[in-house]
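Colleague: Generate a structure from the sequence data that follows.
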Amino acid sequence: MGHDAFAHHGLGSAALMIIGALSVRSAQTVSELTGTASVPRATAYRTLRRLADHGLVSHTGETWTLTSRALQGLDKTPADSNTSPDTRPVQGWDEVARLHGTAGVAARRKALHAVERTAYLGALERLAGHRSKALVGIRDGRQVLIPAPRPDEVPAAWQCGAGSVRDPATGHPAADWRVATDGRLILITPADQRSFDELAAAHAEALHEWESTA
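Modeller: Model prediction:
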């Protein structure tokens, strides 16, 4: 199934389905193959013609069968007597892949996936290096992880009761901010609808001013 001969631009997966169906039950018509191989009628006709060109199937009347070349894995066996005179028998799956220009597709795909996997793991490592180290605290005699603070969390020193936020520049409650019950900042000015990234930037700037004032 993973052979280059059955790649997208080669024989294709439909050929593999038809070969499998005929290997289980020989001498099937196209109508029967649409059910046993689960392929549309037009695809069955087109694929059978392609397989016949390689000497892999033959037909008697309306029934199709696999040739000995297909049944024996395309080894170097004599051509079947009931194949068409225009048939160009092939001597192996590698030759089929070469004729269709798909030789080496699986190896190239595997190499590409290996490169992509390496790049992905490298990106994960770089992201891991940027993460904040987890803080460990003691609760009820056990070590517990303390989540890193989010940019919209309000330090205790900023809170001044009743859900208000202390302005680090003036020391008075800021009119545009409130503290939610989960400790997050809420901007209450209707005219200023900022995104989370903008809120994070504003938080960083305010934190810098607070530390400078302190």
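
Colleague: Can you give me the buried ones in the strand ranked longest in the chain?
Modeller: Counting by DSSP state E, the longest strand found in the chain is strand 173-179. Neighbour-count burial for strand 173-179 flags 173-174, 177-179 (criterion: 16 or more other CB atoms under 10 Å). Placement of C-beta: from N, CA and C, glycine included.

Colleague: what's the answer for stretch 25-38, then?
Modeller: 28, 30, 32-34, 37.

Colleague: Among those residues, which are located in helices?
Modeller: 30, 32-34 (DSSP state H).

Colleague: mind listing what's buried in the helix or strand containing His203?
Modeller: Per DSSP states H and E: His203 is located in helix 196-213. By neighbour count on 16+ other CB under 10 Å, the buried set for helix 196-213 is 199, 202-203, 206, 210.

Colleague: Among those residues, find me the one that's closest to Thr65.
Modeller: Taking CB to CB as the measure, Thr65 lies nearest Leu199 of these, at 71.3 Å.

Colleague: pretty sure the closest one is in contact with Leu185, am I right?
Modeller: Yes - between Leu199 and Leu185 there is a contact at 6.7 Å, judged by CB atoms under 8 Å.

Colleague: Distance of the closest residue in space to Glu62 that isn't next to it in sequence relative to Ser38?
Modeller: Once flanking residues are discounted, Glu62 sits nearest to Thr29: 4.8 Å by CB to CB, 6 or more residues apart in numbering. Going from Thr29 to Ser38 by CB to CB, to the nearest Å gives 15 Å.

Colleague: Next: Ala174.
Modeller: 67 Å.

Colleague: cool, Gly171 as well?
Modeller: Gly171 is 75 Å from Ser38, by CB to CB.

Colleague: Can I get the buried residues of helix 196-213 in CSV including pLDDT and distance to Asp140?
Modeller: Output for these, formatted as CSV (pLDDT from 0 to 100; distance: CB to CB, whole Å):
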residue, pLDDT, distance to Asp140
Leu199, 73, 34
Ala202, 78, 37
His203, 77, 32
Ala206, 78, 35
Trp210, 74, 33
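
Colleague: now, which of the residues you listed sits nearest His8?
Modeller: Using CB to CB, Leu199 comes nearest to His8 of those, at 48.2 Å.

Colleague: any weak-confidence spans in the chain?
Modeller: 1-2, 71-91, 127-135, 146-154, 181-183, 187-194, 213-214 (pLDDT under 70).

Colleague: Quick one: the helices in it, in order.
Modeller: Using DSSP H, helices in the chain cover 12-24, 30-36, 41-53, 68-71, 93-100, 105-130, 196-213.

Colleague: what would those look like in a markdown table with distance to Arg142?
Modeller: As requested, the helices of the chain are exported to a markdown table (distance: least, CB to CB, whole Å):
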| stretch | distance to Arg142 |
| --- | --- |
| helix 12-24 | 56 |
| helix 30-36 | 62 |
| helix 41-53 | 63 |
| helix 68-71 | 67 |
| helix 93-100 | 61 |
| helix 105-130 | 26 |
| helix 196-213 | 31 |
